[in-house]
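Colleague: got a predicted structure here, sequence first:
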Amino acid sequence: DQQVKQNSPSLSVQEGRISILNCDYTNSMFDYFLWYKKYPAEGPTFLISISSIKDKNEDGRFTVFLNKSAKHLSLHIVPSQPGDSAVYFCAASANTGNQFYFGTGTSLTVIP
Amino acid sequence: ETGVTQSPTHLIKTRGQQVTLRCSSQSGHNTVSWYQQALGQGPQFIFQYYREEENGRGNFPPRFSGLQFPNYSSELNVNALELDDSALYLCASSFWTGGGEAFFGQGTRLTVV
C-alpha cells in the first residue's frame, strides 16, 4: 500500500525555468514531510522539509508547499539549473521518530 | 563531523546465503534506520534502532534482523537470501528528537543470484 505517491516518473525543464514536482499522500496522520535528492551511486540527500503546521517553507531556490486538505505537497525549484538534474523523492512521517515513507521518485532533467 | 558510511558498497550473494551489512552513523546521532530500495522504487522502511533497541519495523519478514552497538553503529542481517532481496540497502542516521531530517549513507548494492 503506497501511502506516498509521486505520479510523474520524469520531468524535463529548461534551465532558468521553474520545476514543479508533485507528491500526494493518503495517511492523514502524516505530520512531517521532506524532499530528498538522489544522484546515481549516492544516497539520498536532504533538500527541504515542512511541518504540517505550515503551508509553505522556502530555502533559497527551493520552496515546498503543503495543502493538507488535498493531502498534496509540491516542490518548486526556481530557477532550475543543470546541476538540479537528479531523482527527487518525497517522504513523510507520522510521528517524531523519523520513520519515513517514500514516494517512488521523479527524475528531473534540466536542459541547458 | 563524519557522515554516514556503509560497507560494503557492492555485494553478490547466492540464494539461501546470509549477509551482513554495516553502517556507521553520523557523529552525535543515536538513531539508525534501514531502508530497502528496489529498482525503480522509493526506499522502503525496514526497521529503526534507537539506543540499541528496535524501535519500529516495516513490512519485512523476521529473516531481516538488525543490531545497534553502543557507538550507535548498526548492522543489517538478512538470512536465507531470496532473489527479490536484490536491492540497494540504505542506512540513515538521525537525532531522536524528531522533526528533523535523516542523513543517508551511499548504500550497499546487494545482488542475489
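Modeller: Everything's here; your move.

Colleague: surely residue A:25 meets residue A:92?
Modeller: Yes. Here residue A:25 reaches residue A:92: they are 5.3 Å apart, a contact under CB atoms under 8 Å. C-beta coordinates here come from the backbone N, C-alpha and C atoms, glycine included.

Colleague: overlap in contacts of the two?
Modeller: A:3, A:4, A:33, A:101 (CB atoms under 8 Å, 6 or more residues apart in numbering or on different chains).

Colleague: so what's the last one bridging to?
Modeller: Here residue A:101 sits in beta bridges with residue A:92, going by DSSP bridges.

Colleague: who touches it in this structure?
Modeller: A:3, A:4, A:25, A:27, A:30, A:91, A:92, A:93, A:94, B:45 are the contacts of residue A:101 under CB under 8 Å, 6+ apart.

Colleague: can those go into TSV with extra columns for neighbour count, pLDDT and distance to residue B:7?
Modeller: Formatted as TSV, these follow (neighbours: other CB atoms under 10 Å in any protein chain shown; pLDDT from 0 to 100; distance: CB to CB, whole Å):
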residue	neighbour count	pLDDT	distance to residue B:7
A:3	15	92	31
A:4	23	96	29
A:25	24	97	34
A:27	14	92	34
A:30	21	92	33
A:91	27	94	25
A:92	24	93	29
A:93	22	89	27
A:94	16	84	31
B:45	22	93	21
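
Colleague: between the residues you listed, which is closest to residue B:70?
Modeller: Checking these against residue B:70 by CB to CB gives residue B:45 as the nearest, at 23.8 Å.

Colleague: ok, that closest one to chain A distance?
Modeller: Look at residue B:45 and chain A: by CB to the nearest CB, to the nearest Å, they are 6 Å apart.

Colleague: same check on residue B:91?
Modeller: For residue B:91, the distance to chain A - CB to the nearest CB - is 8 Å.

Colleague: list the contacts of that residue.
Modeller: The neighbours of residue B:91, taking CB under 8 Å, 6+ apart as the test, are B:4, B:6, B:21, B:23, B:25, B:32-35, B:74, B:76, B:104-105, B:107.

Colleague: buried subset of these, written for ChimeraX?
Modeller: Burial among those is assessed by 16 or more other CB atoms under 10 Å in any protein chain shown; the matching ChimeraX selection reads:
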select /B:4,6,21,23,25,32,33,34,35,74,76,104,105,107
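
Colleague: now, which of the contacts of residue B:91 lie within strands?
Modeller: Judged by DSSP state E, the contacts of residue B:91 include B:6, B:21, B:23, B:32, B:33, B:34, B:35, B:74, B:76, B:104 as members of strands.

Colleague: nearest residue to the last one in space, please, no chain neighbours.
Modeller: Spelled out, it's residue B:104. Once flanking residues are discounted, residue B:104 sits nearest to residue A:43: 3.5 Å by CB to CB, 6 or more residues apart in numbering or on different chains.

Colleague: now, among the ones in strands among the contacts of residue B:91, which is nearest to residue A:13?
Modeller: Closest to residue A:13 out of those is residue B:104 (25.1 Å), distances taken as CB to CB.

Colleague: quickly list what the closest one is bridged to.
Modeller: residue B:92.

Colleague: if anything else comes up later, I'll come back, but that's it for now.
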